[in-house]
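Student: when you get a sec, could you give me coordinates for this:
(one chain, ligands or ions: 1)
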Amino acid sequence: MTGLLLASIHDVSPRFESEIDRLVDLLQPHVSERIAMLVVPNHWGDAPIVPGSAFAARLRRWSNAGFEMFLHGFYHRDERRHSGADAWRARMMTAGEGEFLGVTRMQAQDRIRQGKSLIEDVTGAAIAGFIAPAWLYGPGTLEALGDCGIAIAEDHWRIWSPATGEALAKGPVITWASRTRVRLASSLAAAAVLRRSPQRVLRLGVHPPDIGHPALVKSIERTLSIAGGARRAACYRQLLRT
Ligand SMILES: [Zn+2]
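Tutor: The predicted structure is shown next:
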């Protein structure tokens, strides 16, 4: 059976409009419309997606073309103060972007419902699922996903269905980091190994800042051509049917 390749663009927000265009141009020759857009309704609280705006119209066009839309947090940034191990995790792993690590079940429900209805109003189609910023889910969020009937979620290591509890795929996601030179170098090394991984479902996630680093763009292209050559580009939703 041919392996699958799932490609996603993180942090889809009017704040990163030009970067997202360039990422779409980078991915499309390899995966066509099989692109998951991880949409942030109001990035950092000051980049809202406004129904009727030009950006909203573009989301609808992408959705109509077959791109899958995922809710990706609401504000993206973690506004809460963590203590102990959570504080360390939030700081080290996310630079404060783990919005859904510390929220309560009620807060998570509110933000998921609001974000879901915003994206669905704008695109006229149901969201495919929810992916937490930095792939970090606190216990309240995990409960809220089931409460809200979310069909698909993922973290660094797996894809699952909160609605049914079913595991959909396993294996790490290939992603790139550019905040420090060490992280940049280690993400290039990881991508070089993972793109040849035999796992059934291979995921690749790109972020707006990636496009500003020629070495990362090269690695993303090489990963798309090696993994894409050996695999079929797929939608996340296909996992629900296999
Ligand atoms: Zn993100």
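Student: and after the least confident helix or strand in the chain by mean pLDDT, which helix or strand comes next?
Tutor: Within the chain, no helix or strand scores below helix 84-94, which has a mean of 55 by mean pLDDT, DSSP states H and E. The element immediately downstream of helix 84-94 (helix or strand, assigned by DSSP states H and E) is helix 105-123.
Student: ok now the helix or strand following that next one, how far from the chain's centre?
Tutor: Downstream of helix 105-123, the next assigned helix or strand under DSSP H and E is strand 129-130. Distance of strand 129-130 from the chain centroid (C-alpha atoms, centre = their mean, to the nearest Å) equals 9 Å.
Student: again with stretch 221-232
Tutor: Distance, centroid of stretch 221-232 to centroid of chain: 19 Å (C-alpha atoms, centre = their mean).
Student: what parts of this protein come near the ion?
Tutor: Contacts of the chain with the ion, taken as C-beta under 5 Å from the ion, map to H10, D11, P133. C-beta here means a position set from N, CA and C on the backbone, and glycine is covered the same way.
Student: could you report the pLDDT at the closest residue to E99 other than its chain neighbours?
Tutor: Nearest non-adjacent residue to E99, counting by C-beta to C-beta, 6 or more residues apart in numbering: G73, 4.5 Å away. We note a pLDDT of 97 for G73 in this prediction.
Student: hmm, G73 is touching A132, no?
Tutor: Yes. Using C-beta atoms under 8 Å, G73 is in contact with A132, at 6.3 Å.
Student: between the two, which is the more surrounded one?
Tutor: Shown here are G73 and A132; by other C-beta atoms under 10 Å, G73 has more neighbours (29 against 26).
Student: in this structure, which ranges drop under the pLDDT threshold?
Tutor: Counting by pLDDT under 70, the ranges of the chain that qualify are 1, 78-96, 242.
Student: name the residues contacting each of G73 and A132.
Tutor: Listed as contacting both G73 and A132 by C-beta atoms under 8 Å, 6 or more residues apart in numbering are E99, F100.
Student: and stretch 164-181, what's buried?
Tutor: L168, A169, G171, V173, I174, T175, W176, A177, S178 (16 or more other C-beta atoms under 10 Å).
Student: the last one contacts V206, doesn't it?
Tutor: No. Proximity of S178 to V206 does not meet the contact threshold set by C-beta under 8 Å, at 11.0 Å.
Student: ok, now which ones touch the residue nearest to E99?
Tutor: V40, E99, F100, R111, G115, A132, P133.
Student: hang on, S8 packs against L202?
Tutor: No. Here S8 lies out of contact with L202, judged by C-beta under 8 Å, at a distance of 11.8 Å.
Student: so what sits against both of these two?
Tutor: Counting by C-beta under 8 Å, 6+ apart, nothing touches both S8 and L202.
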